[in-house]
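Chemist: From the sequence below, what's the structure:
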Amino acid sequence: MALAAAYSTLDQGFSSDTMMPSGEDFTFLPGADPASLVEEFQNSSSVDNRIKFNAGTTTLGFKFKHGVIIAVDSRATAGSYIASQTVKKVIEINPYLLGTMAGGAADCSFWERLLAKQCRIYELRNRERISVAAASKILSNMVYQYKGMGLSMGTMICGWDKRGPGLYYVDSDGQRTTNYMFSVGS
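Modeler: Below is the predicted model:
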């Protein structure tokens, strides 16, 4: 019940047609602090309300009027083994575009570096920067050719172009979508 009330409170802060925050500030969950709310559901005596959190990558992206905010963790795991605590999961594609890594580090790194090369070729041919939408479409088209072949990639392509801020999600099947916020994990 408390979680449903929290979600209904969150929905009140957004306009229905754009899913953008309706005011200047974001709406936060009511109550003391988010950690205690999560702990309540993680340790619930009711099986229906219990939440089990899996360890893995989490990347968050938020688009707003003045730009894009990306938040990522820095831990790399191989099964239950923690391989590194200092992985850079944000990859610079060019000075105006960033990509995030979730899934297989090798897949994400390879495809985003290849995307960076394709974006540079676009800039040289067209004498203008590539848009965020076009860059995400190029990545989507490249990985779609390998659909069903075991790629493990969930990435956000974000940045700023002449249309303003852009945020796109592209996965290893070549699916591409845009929205104002994403949470991508593996």
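
Chemist: Work out for me the element Leu98 sits within.
Modeler: strand 97-100 (DSSP states H and E).

Chemist: Which element is encountered next along the chain beyond that strand?
Modeler: Counting by DSSP H and E, what follows strand 97-100 is helix 105-126.

Chemist: quick one: the strands in this structure?
Modeler: Along the chain, the stretches classed as strands by DSSP state E are 58-64, 67-72, 76-78, 81-84, 90-94, 97-100, 154-161, 164-171, 176-178, 181-185.

Chemist: Output the contacting helices and strands for the strand holding Leu98.
Modeler: The contact analysis (3 or more Cβ pairs under 8 Å, 6 or more residues apart in numbering; DSSP states H and E) places strand 97-100 against strand 67-72, strand 90-94, helix 105-126, helix 132-144, strand 154-161. The C-beta positions use only the backbone N, C-alpha and C, and glycine is treated the same way.

Chemist: can you do 7 Å?
Modeler: Judged by 3 or more Cβ pairs under 7 Å, 6 or more residues apart in numbering; DSSP states H and E, strand 97-100 is in contact with strand 67-72, strand 90-94, helix 105-126, strand 154-161.

Chemist: Can you tell me which of these is nearest to Thr58?
Modeler: strand 67-72 (7.4 Å; Cβ to Cβ).

Chemist: mind listing what that closest one pairs with, with the direction of each?
Modeler: Strand 67-72 sits in its sheet next to strand 58-64 (antiparallel), going by DSSP bridges.

Chemist: Grab the nearest non-local neighbour of Tyr180.
Modeler: Lys63 (4.8 Å; Cβ to Cβ, 6 or more residues apart in numbering).

Chemist: Which residues does that neighbour form beta bridges with?
Modeler: Val68.

Chemist: Please shift the residue numbers so they start at 18 in all later answers.
Modeler: Understood, numbering begins at 18; the last thing we discussed is Lys80.

Chemist: what residue ranges in this structure score low on pLDDT?
Modeler: 18-52, 54-55, 58-72 (pLDDT under 70).

Chemist: Keeping just the C-alphas, turn stretch 91-110 into CSV.
Modeler: Only the C-alpha atoms of stretch 91-110 are listed here, as CSV (Å, rounded to 0.1, in the frame of the first residue of the first chain):
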residue,chain,number,x,y,z
SER,A,91,31.5,1.8,-11.3
ARG,A,92,31.5,-1.9,-10.3
ALA,A,93,32.2,-4.7,-12.8
THR,A,94,31.3,-8.2,-11.9
ALA,A,95,31.9,-11.6,-13.3
GLY,A,96,29.2,-13.7,-11.7
SER,A,97,29.6,-13.3,-7.9
TYR,A,98,33.2,-12.1,-8.4
ILE,A,99,33.8,-8.4,-8.2
ALA,A,100,36.3,-7.8,-11.0
SER,A,101,36.7,-4.0,-10.5
GLN,A,102,35.4,-1.2,-8.4
THR,A,103,36.5,1.6,-10.9
VAL,A,104,35.1,0.8,-14.3
LYS,A,105,34.2,3.9,-16.4
LYS,A,106,30.7,3.1,-17.7
VAL,A,107,30.2,6.4,-19.5
ILE,A,108,31.9,6.5,-22.9
GLU,A,109,32.6,9.7,-24.8
ILE,A,110,31.5,9.3,-28.4
